[in-house]
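[1] Just the structure for this:
(one chain, ligands or ions: 1)
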Amino acid sequence: MQDVIILGCGVIGAACAYTLSRYDVSVTVLEKSNDVANGTTKANSAIVHAGYDPRPGTAIARLNVEGNRMMEDLCRRLDVPFKRIGSHVLAFSEADLSHLQVLYERGVKNGVPDLRILTGEEARLMEPNLSEAVVGSLYAPTAGIVSPWELTLAMAEVAVRNGVELILEAPTTAIRQEEDGTFTVTTPKGDFRAKTVLNATGVDAEAVCGLLGVHEFTLTPNRGEYYLLDKSEGTRVRSVIFQCPDENGKGVLVSPTVHGNLIVGPNAEAVSGADATENTAQGLSFVKKQAIRSVPTLSFRENIRNFAGVRANHAEDDFLIGESSTFPGFFHLAGIKSPGLTAAPAIAKEAAEYVASRTPLIPKAEFSDGRRVIRFKSLSEEEKRAVIARNPLYGRVICRCETVTEGEIVAALQSPIPPTTVNGVKRRVGAGMGRCQGGFCSPRVQEILARELGIPMEAIPLDQPGSNILTGRTKEEYR
Ligand SMILES: Cc1cc2nc3c(=O)[nH]c(=O)nc-3n(C[C@H](O)[C@H](O)[C@H](O)COP(=O)(O)OP(=O)(O)OC[C@H]3O[C@@H](n4cnc5c(N)ncnc54)[C@H](O)[C@@H]3O)c2cc1C
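    Residues are numbered from 1 along each chain as shown. The predicted model follows:
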């Protein structure tokens, strides 16, 4: 029997696993998908929000600001790309200017440091590509950008290295509370028992809680669609450019990514569930129209990918973090909409406090924190030569657009949570993230996966089980 079972390994489940792995408690993470960060965590704006948007006094406000404070140090320790580039919320009218004032006052109450309201001219001095129609901005220097899946993977890897058990392809299909108060969680990979369960299943959290036979909260899935523009557009703006938020969310933003691209989106549209991640002509055209209001010179010809993520909106417009009212020991980490990525480390701290109220959290003497990754293209020439001399696989470039080497792919395959899919490799090392979107490197990645995993190339999926790319060998077919 475990002390804790965490359901779901998105950024919230991974942050909880990482935080708890410092202590002498037994933890199992049960994840539905074949990889970590395969839900909302892999498809969002990737912004580390400053924290002026949430209403003061809410859990969102508190955890947003605390998460923002924790993020830089966390990313440094775990070798995760993070940049504190600041953000502007633009005003286009007198009404918008009064809204900026409201956001400024909220930010001050929430404890966001160094907020300033700028005139249109001052904003354009910082961001020359802003529209002439901009009459002011709320500038927040503490906003940043991060790589959401690398953050999640890094936290999960360190947790696994420190004894947390991660079981992939293990969807929770039933949960029951035993007479002694412990929980049995049923999955296709077997039954698991624990004293405490943390429900971090994102958009599915309502349904997963429902497996206990109760309905304690309602989530409304809401999709946001994006454009990802090539690196040629990556410096069109230097900071995150928002418009005034409304009841549908934070509005359409334009922002550099940590990998040097430009992200544009999202819209907000109610959908049926976590799987509704398709793009629509209507959604994308709305995003384009709105983004051009902020930055008229944006070139959508440089688009290299569209994608969509689904928000787990909670009816009460706040995160739902707390114990089940019916089942003591079952803890909700639900309704974690934006800024859940930002708040993740702070949410995990709160979840650990909850676990501590049921099982003493004694620090492990042998906890090993931190992680280092070789990113070949960011090494100096001298470092590159040294790395290749140690391991010639770093001398073979597999992804030409992103300069990703075979050495990096093999290192990922030997890591604590190895990828088993082409997209799993892409998310870990960036192969296929560039302008050609894997057109050139995808077959090479499949060859390396097949060789290292000892399976035929035809058995390798693009992403989810069943999304196989190859069906057989052409020459054998026609023999
Ligand atoms: C359009 C959009 C933009 C956003 N922008 C930002 C932003 O810029 N900044 C920010 O801070 N936040 C942002 N967010 C919010 C952020 O992405 C989420 O708060 C965060 O990713 C939620 O993480 P999670 O771990 O709760 O959910 P998920 O990442 O969805 O993880 C839940 C996990 O549970 C698994 N699961 C589901 N059902 C089961 C089951 N039955 N058994 C086991 N496992 C299961 C899923 O496979 C998944 O891996 C945005 C969200 C969206 C949709």
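[2] Where does the stretch 251-400 of the chain get nearest to the ligand, residue-wise?
    Nearest residue of the stretch 251-400 of the chain to the ligand: Gly340, at 2.0 Å (Cβ to the nearest ligand atom). Quick note: C-beta positions are derived from backbone N, CA and C, even for glycine.
[3] so that residue makes contact with Gly13?
    No - using Cβ atoms under 8 Å, Gly340 is not in contact with Gly13; the gap is 11.6 Å.
[4] With neighbour numbers in mind, choose between the two.
    The neighbour count for Gly340 versus Gly13, taken as other Cβ atoms under 10 Å, is higher for Gly13 (33 against 28).
[5] which intervals of the chain have sub-threshold pLDDT?
    247-248, 476-479 (pLDDT under 70).
[6] Where do the domain boundaries of it fall?
    1-81+145-218+315-372, 82-144+221-309, 376-477 (automatic domain parsing).
[7] Tell me how many other residues crowd Glu132.
    Glu132: 8 neighbours (other Cβ under 10 Å).
[8] ok, it - contacts?
    Glu132 makes contact with Gly120, Arg124 under the criterion Cβ atoms under 8 Å, 6 or more residues apart in numbering.
[9] And for Ser415?
    Applying Cβ under 8 Å, 6+ apart, we find Ser415 in contact with Glu157, Arg428.
[10] same question, the one 10 residues further on
    With Cβ under 8 Å, 6+ apart as the criterion, the residues that contact Val425 are Ile409, Ala412, Pro419, Ala431, Gly432, Val445, Ile448, Leu449.
[11] name the element it belongs to?
    Using DSSP states H and E, Val425 sits in helix 422-429.
[12] Dump that helix to PDB, restricted to CA.
    Taking C-alpha atoms only, helix 422-429 is exported to PDB below (Å, rounded to 0.1, in the frame of the first residue of the first chain):
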ATOM      1  CA  VAL A 422       7.800  10.300 -32.400                       C
ATOM      2  CA  ASN A 423       6.100  13.200 -30.600                       C
ATOM      3  CA  GLY A 424       7.500  12.100 -27.300                       C
ATOM      4  CA  VAL A 425      11.000  12.600 -28.800                       C
ATOM      5  CA  LYS A 426       9.900  15.900 -30.300                       C
ATOM      6  CA  ARG A 427       8.700  17.200 -26.900                       C
ATOM      7  CA  ARG A 428      11.900  16.100 -25.200                       C
ATOM      8  CA  VAL A 429      14.600  17.200 -27.600                       C
END
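[13] and it, does that touch the ligand?
    No - shown here: helix 422-429 not in contact with the ligand (Cβ under 6 Å from any ligand atom), separated by at least 12.7 Å.
[14] deepest of the domains of the chain, which one?
    domain 1-81+145-218+315-372 (a mean of 21; mean count of other Cβ atoms under 10 Å).
[15] ok, the contacts of Val425 vs the ligand, which is closest?
    Checking the contacts of Val425 one by one against the ligand (Cβ to the nearest ligand atom), the nearest turns out to be Pro419, at 14.9 Å.
[16] The closest one - nearest residue in space that isn't next to it in sequence?
    Nearest residue to Pro419, sequence neighbours excluded (Cβ to Cβ, 6 or more residues apart in numbering): Val425, at 4.9 Å.
[17] near the ligand, which residues of the stretch 1-150 of the chain show up?
    Proximity of the stretch 1-150 of the chain to the ligand, by Cβ under 6 Å from any ligand atom, involves residues 7-13, 30-33, 38-41, 44-47, 49.
[18] Now do the end-to-end distance for stretch 48-65.
    The first and last residues of stretch 48-65 sit 10 Å apart, counting by Cα to Cα, to the nearest Å.
[19] how far does that stretch sit from the chain's center?
    Its chain's C-alpha centre and that of stretch 48-65 lie 18 Å apart, by Cα atoms, centre = their mean, to the nearest Å.
[20] Ok, stretch 258-267 next?
    13 Å.
[21] who does Val197 bridge with?
    The bridge-partner assignment for Val197, based on DSSP bridges, gives Ile5, Phe330.
[22] could you pull out the strands for the stretch 151-300 of the chain?
    Under the criterion DSSP state E, counting those that start in this stretch, the stretch 151-300 of the chain carries strands at the ranges 165-167, 174-177, 183-187, 190-199, 219-229, 240-243, 253-256, 262-265, 269-270.
[23] Show me what from the stretch 151-300 of the chain comes close to the ligand.
    Residues of the stretch 151-300 of the chain lying near the ligand (Cβ under 6 Å from any ligand atom): Pro171, Thr172, Ala200, Thr201, Gly202, Val203, Asp204, Val208, Gly224, Pro266.
[24] Roughly how far does the closest residue in space to the last one that isn't next to it in sequence sit from Ala154?
    Taking Cβ to Cβ, 6+ apart as the measure, Pro266 lies nearest to Gly224, with 2.6 Å between them; neighbours along the chain are not counted. With distances defined as Cβ to Cβ, to the nearest Å, the gap from Gly224 to Ala154 amounts to 24 Å.
[25] Also Gly136?
    38 Å.
[26] Which residues does stretch 434-441 contact?
    Stretch 434-441 is contacted from outside by 230-231, 304-305, 398-402, 404, 422, 426, 431-432, 445, using Cβ under 8 Å, 6+ apart.
[27] now stretch 155-166: how far from the chain's centre is it?
    Counting by Cα atoms, centre = their mean, stretch 155-166 comes out at 18 Å from the chain centroid.
[28] hmm, who's touching it?
    Under the contact criterion Cβ under 8 Å, 6+ apart, stretch 155-166 has outside partners 2, 9, 11, 14-15, 17-18, 20-22, 26-29, 31, 36, 78, 364, 367-371, 415-417.
[29] Please enumerate the helices of the stretch 301-450 of the chain.
    Using DSSP state H, counting those that start in this stretch, the helices of the stretch 301-450 of the chain run over 340-356, 381-390, 406-413, 422-429, 442-453.
[30] need those helices in a markdown table with distance to Gly181, can you?
    Below are these laid out as a markdown table (distance: least, Cβ to Cβ, whole Å):
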| stretch | distance to Gly181 |
| --- | --- |
| helix 340-356 | 15 |
| helix 381-390 | 53 |
| helix 406-413 | 41 |
| helix 422-429 | 38 |
| helix 442-453 | 41 |
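[31] What separation do you get for the closest residue to Ala91 other than its chain neighbours and the ligand?
    What sits nearest to Ala91 in space, not counting adjacent residues and going by Cβ to Cβ, 6+ apart, is Gly136, at 4.2 Å. Here the criterion is Cβ to the nearest ligand atom, to the nearest Å. By it, Gly136 lies 23 Å from the ligand.
[32] Next one: Gly136 from Val373, what distance?
    Using Cβ to Cβ, Gly136 is found at 41 Å from Val373.
[33] Good, we can wrap up now.
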